[in-house]
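Participant: Turn this into a model:
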Amino acid sequence: MKAVVLHEYGPAKNLVLEEVEAPKPGPGEVLVRVHATGVNPIDWKIRSGAMAKMFSIDFPAILGYDMAGTVQEVGKDVTGFAPGDRVFARTQRTYAEFAVAQADELAKVPQNLELTTAAAIPVVATTGDQLIREQGRVQSGQSILLTGALGSVGRFALFTAIELGARVIAGVRKKHIDEALALGATAAIDISDEDEIARLGSLDAVCDAIGGPLASKLLGHIKPGGTFVSIVGPPQDAALHPTVQVKVFGSHPDAKAMAHLAEAVRDGKLKLPIDLVLPLGEAADAHAKGEKGGIGKIVLTP
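Facilitator: Numbering: from 1, shown residues only. The predicted structure is shown next:
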């Protein structure tokens, strides 16, 4: 099969399309013919070596965590999936024509949802949902601030928070306020406006997808016993706010949540813009464009 292979840490050009041996499904695993695979910031952080101290990879490596396609073969003891099923998953080594996933990582793609769209969902959906539900422990009636609400992760976080009945203030740039409100946020503020931040009042939680200096400014608005949870790291001065519970987490596969959120995308309740679809062989270009910022979800198609 063809796969995008990384032989050493470094720039995007280190991603090379090569012929490699196709994987075989073991017990409890499913082999999927990949129709599309999503590209995420974690991919280029791993490729560059920026994540090497947190976890290492063995070279040659195949990157990628998102995929959607059709079941090719099921391993021993697998039930609920059969060859030909349309499936998607948050798994590993997905920059390839075939990928293996644990059966419990897989979900069936909702009817009438395109596989290319399904491939863009797994990582951002599970991360956004867990930011709110598992880590933020957001409850009905609470007031929370969500930064990065219009990013790929933020859109799923916003949807989950609204489903839970929270009052969600979206922290966005001024030009995006109307869009955040249209997506269902209770209110929206310009996060570059110091006066608007000062007028925030007390919050039950801040759910952060941006980080940086803004995070520190928001800590003082969280009620004693409240929560600051981030996908990008803790604020530098978190220790100055001992009454606030600060959490940083790495998300994990959750097939049930992924399927639920994919249905919301299919039904038009949740919008996930895909800005770029490229052939698998152009993975290096996809990484280079993604690292520059200012672009939404990118998908590669074998």
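Participant: Could you pull up the residues touching P25?
Facilitator: 31, 73-75, 78, 100 (Cβ atoms under 8 Å, 6 or more residues apart in numbering). The C-beta positions use only the backbone N, C-alpha and C, and glycine is treated the same way.
Participant: Run a quick neighbour tally on the residue lying closest to Q142 once chain neighbours are set aside.
Facilitator: Excluding the flanking residues, the one nearest Q142 by Cβ to Cβ, 6 or more residues apart in numbering is D204, at 3.9 Å. When neighbours are counted by other Cβ atoms under 10 Å, D204 registers 20.
Participant: just to confirm, which helix or strand has G233 in it?
Facilitator: Here G233, judged by DSSP states H and E, is contained in no helix and no strand.
Participant: Please apply the same query to A3.
Facilitator: Judged by DSSP H and E, A3 forms part of strand 2-6.
Participant: residues making contact with the helix or strand of the chain with the lowest mean pLDDT?
Facilitator: Least confident helix or strand of the chain, by mean pLDDT, DSSP states H and E, is helix 213-219 with a mean of 88. Residues from elsewhere that reach helix 213-219, judged by Cβ under 8 Å, 6+ apart: 145, 147, 171, 191, 194, 197, 200, 203, 206, 208, 228, 230, 234-238, 240-241, 244.
Participant: and if we set it to 6 Å?
Facilitator: If you take Cβ atoms under 6 Å, 6 or more residues apart in numbering as the criterion, helix 213-219 is touched by 191, 197, 206, 208, 235, 237, 241, 244.
Participant: Looking at those residues, spot the one nearest P273.
Facilitator: I191 (20.2 Å; Cβ to Cβ).
Participant: circling back to that earlier point, and the next element down the chain from the least confident helix or strand of the chain?
Facilitator: Following helix 213-219 toward the C-terminus (DSSP H and E): strand 222-230.
Participant: Go through that following strand and flag the buried ones.
Facilitator: 222, 226-230 (16 or more other Cβ atoms under 10 Å).
Participant: Same question for stretch 232-241.
Facilitator: 234-235, 238, 241.
Participant: same thing with stretch 186-197?
Facilitator: Applying 16+ other Cβ under 10 Å to stretch 186-197 flags 188-191, 197 as buried.
Participant: which one of those is nearest G293?
Facilitator: Nearest member of the buried residues of stretch 186-197 to G293, counting by Cβ to Cβ, is I191, at 16.1 Å.
Participant: ok, so what distance separates that closest one from D275?
Facilitator: Using Cβ to Cβ, to the nearest Å, one gets 22 Å for the distance from I191 to D275.
Participant: okay, now R199: neighbour count?
Facilitator: R199 has 10 nearby residues by other Cβ under 10 Å.
Participant: and the contacts of helix 213-219, which of them are in helices?
Facilitator: The helices, defined by DSSP state H, take in I197 from those.
Participant: now the contacts of helix 213-219 as JSON lines including pLDDT and distance to K45?
Facilitator: Converted to JSON lines, those look like this (pLDDT from 0 to 100; distance: Cβ to Cβ, whole Å):
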{"residue": "I191", "pLDDT": "91", "distance to K45": "23"}
{"residue": "I197", "pLDDT": "91", "distance to K45": "28"}
{"residue": "V206", "pLDDT": "96", "distance to K45": "23"}
{"residue": "D208", "pLDDT": "94", "distance to K45": "17"}
{"residue": "P235", "pLDDT": "86", "distance to K45": "20"}
{"residue": "D237", "pLDDT": "86", "distance to K45": "24"}
{"residue": "H241", "pLDDT": "88", "distance to K45": "28"}
{"residue": "V244", "pLDDT": "93", "distance to K45": "27"}
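Participant: So for the residue lying farthest from the centre of the chain, what's the pLDDT?
Facilitator: Centroid-distance maximum for the chain: D195 at 30.9 Å, with Cα atoms, centre = their mean. In this model, D195 is scored at 91, pLDDT.
Participant: So what does it look like in phi/psi?
Facilitator: Backbone geometry at D195, expressed as degrees, to the nearest 10, gives phi -70, psi -40.
Participant: what are the C-alpha coordinates of the helix or strand encompassing D285, in CSV please?
Facilitator: Using DSSP H and E, the element containing D285 is helix 283-292. Taking Å, rounded to 0.1, in the frame of the first residue of the first chain, the C-alpha atoms of helix 283-292 are listed here in CSV:
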residue,chain,number,x,y,z
ALA,A,283,0.8,15.6,3.0
ALA,A,284,3.9,17.8,3.2
ASP,A,285,2.0,20.7,1.6
ALA,A,286,-0.9,20.1,3.9
HIS,A,287,1.4,20.4,7.0
ALA,A,288,3.1,23.5,5.6
LYS,A,289,-0.2,25.3,5.1
GLY,A,290,-1.6,24.2,8.4
GLU,A,291,1.5,25.4,10.4
LYS,A,292,1.1,28.9,8.9
